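[1] sequence and computational prediction follow.
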Amino acid sequence: MTDTGLTQAVVAPEDKTERDWFEIAVAAALPIAIALLAVFFYIKVPVFMTANNWIAISVQVSALMTISIPFALLLMAGKIDLSVGSTLALCGVVAGLSFEPLGIPGAVVLTLVVGTTVGLINGVLVASVGMSPIIVTLGTLTLIRGLAQWLAPNPIFGFPEEFLVIGYERIFGLPVLTWIMLAVILVGAAVMALLPIGPQIVALGVNKRAAFLVGLRVRAIGIGLYAATGFFVAVAALMSISRINSAPAGTLGIGVELSVLTAVLLGGIPFTGGKGSVLRVVLGVWLLGMLSNGLILMNVPTELSLMTTGLVLVVAAGLDVLRAKRS
């Protein structure tokens, strides 16, 4: 046996064992963090563990979850959309301005079309033209935010009561927003587990060139994922404005892209794509929701809450780098 062969025979099993233990530790880290966080907040603020508060958390994270699921699929394919926050603002403004002339059905349809169109534009520029997804979506982030503020320099108030039902009504004890969030989770899980497109998304993230050579419609998948992300951002915009009964173009959706990226990285999806789990993304979003809710119950200043969220993003990015090196 050559020296190289001997080295592989001796070292490879140990390396594999170390990788296995590392993967187990990473897989367990998120559920353990959620459990520890729940215990900590329960000790500090006992009301945190009540059923009503957990339902409140589900409402608070409903829009974020609705964006995070398609965003996660996009990242699995090796793409990214940093314009989701601005798209949320534009869709909210479009809905707010459209209720009176178009009625609720017309406003909802127009909002969904606008969100999907923004996604299609990003998708064509990235997947078809071949531009950098970071550069393209940073550009549309600024462009779309400016457009939203131009359309509505002042916050829009006073939406139809029938529309606001989405934000406060309950069905079988759970808020409508929670049911919408659960439906989006099921759609995302079904796409990845049951449909042929699921493995194709992962394959695109692993090696775009190889995916093309085996016959996958690389451009169509990329454009479709961006369009789907835009569509669900529009859904999240409708959820958000129905909850707050307002569409402030200057602040609606601010920081959403960072929260989504944090949740997805916490969920174990590498920044470069190629693998991931919808369930773990759900846990990542839920952890952020628990953190925000608990800090509010503890009357922690907003500045400290922002710092904590930023720290979580840094930790998530660090875990992503560590996973990449270990793999």
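    Nice, I can see it.
[2] pLDDT value on the most centrally placed residue in the chain, please?
    Geometric centre of the chain, nearest residue: residue 68, 1.5 Å, by C-alpha atoms, centre = their mean. Residue 68 is assigned a predicted lDDT (pLDDT) of 95.
[3] distance of it from residue 164?
    Remark: distance between residue 68 and residue 164 (C-beta to C-beta, to the nearest Å) = 24 Å. C-betas here are computed from N, CA, C, even on glycine.
[4] now residue 46
    As judged by C-beta to C-beta, residue 46 and residue 164 stand 32 Å apart.
[5] CA atoms of stretch 289-303 as PDB?
    Coordinates of each C-alpha in stretch 289-303 appear next as PDB, following Å, rounded to 0.1, in the frame of the first residue of the first chain:
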ATOM      1  CA  GLY A 289     -39.800  35.200  17.400                       C
ATOM      2  CA  MET A 290     -39.200  33.800  20.900                       C
ATOM      3  CA  LEU A 291     -36.200  36.100  21.300                       C
ATOM      4  CA  SER A 292     -38.100  39.200  20.300                       C
ATOM      5  CA  ASN A 293     -41.200  38.400  22.300                       C
ATOM      6  CA  GLY A 294     -39.200  37.500  25.400                       C
ATOM      7  CA  LEU A 295     -37.100  40.700  25.300                       C
ATOM      8  CA  ILE A 296     -40.300  42.700  24.900                       C
ATOM      9  CA  LEU A 297     -41.900  41.000  27.900                       C
ATOM     10  CA  MET A 298     -38.700  41.800  29.900                       C
ATOM     11  CA  ASN A 299     -39.000  45.500  28.900                       C
ATOM     12  CA  VAL A 300     -35.600  45.400  27.300                       C
ATOM     13  CA  PRO A 301     -34.800  48.600  25.400                       C
ATOM     14  CA  THR A 302     -35.200  48.500  21.600                       C
ATOM     15  CA  GLU A 303     -31.500  49.300  21.100                       C
END
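[6] now do the buried residues in it.
    Within stretch 289-303, the residues that count as buried by 16 or more other C-beta atoms under 10 Å are 289-295, 297.
[7] what does stretch 262-271 give?
    262-271.
[8] hey, where'd the helices end up in the stretch 101-250 of the chain?
    Under the criterion DSSP state H, counting those that start in this stretch, the stretch 101-250 of the chain contains helices at 133-151, 161-168, 176-194, 197-206, 208-213, 218-244.
[9] between these, which has the poorest mean confidence score?
    Looking at the helices of the stretch 101-250 of the chain, the weakest mean confidence is helix 208-213, a mean of 81.
[10] if we can go back for a sec, among the buried residues of stretch 262-271, which ones are in strands?
    Counting by DSSP state E, no part of those is found in strands.
[11] the strand or helix carrying residue 62 packs against which elements?
    For residue 62, the host element (DSSP states H and E) is helix 51-76. If you count contacts as 3 or more C-beta pairs under 8 Å, 6 or more residues apart in numbering; DSSP states H and E, helix 51-76 packs onto helix 84-123, strand 174-175, helix 176-194, helix 197-206, helix 218-244, helix 256-266, helix 278-297.
[12] starting at the chain centroid, how far to it?
    Computed by C-alpha atoms, centre = their mean, to the nearest Å, the separation of helix 51-76 from the middle of its chain amounts to 7 Å.
[13] likewise for stretch 160-167?
    25 Å.
[14] got a list of contacts for it?
    Applying C-beta atoms under 8 Å, 6 or more residues apart in numbering, the external contacts of stretch 160-167 come out as 99, 104, 107, 176-177, 180, 238-239, 242-245.
[15] using PDB, write out every CA atom in that stretch.
    Provided in PDB are the C-alpha atoms of stretch 160-167 (Å, rounded to 0.1, in the frame of the first residue of the first chain):
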ATOM      1  CA  PRO A 160     -61.800  48.200   4.800                       C
ATOM      2  CA  GLU A 161     -63.000  46.400   7.900                       C
ATOM      3  CA  GLU A 162     -63.600  43.200   5.900                       C
ATOM      4  CA  PHE A 163     -59.900  43.100   5.000                       C
ATOM      5  CA  LEU A 164     -58.700  43.800   8.600                       C
ATOM      6  CA  VAL A 165     -60.500  40.600   9.600                       C
ATOM      7  CA  ILE A 166     -57.400  38.800   8.400                       C
ATOM      8  CA  GLY A 167     -55.300  40.500  11.000                       C
END
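[16] buried sites along that stretch?
    Under 16+ other C-beta under 10 Å, the buried positions of stretch 160-167 are 163-164, 166-167.
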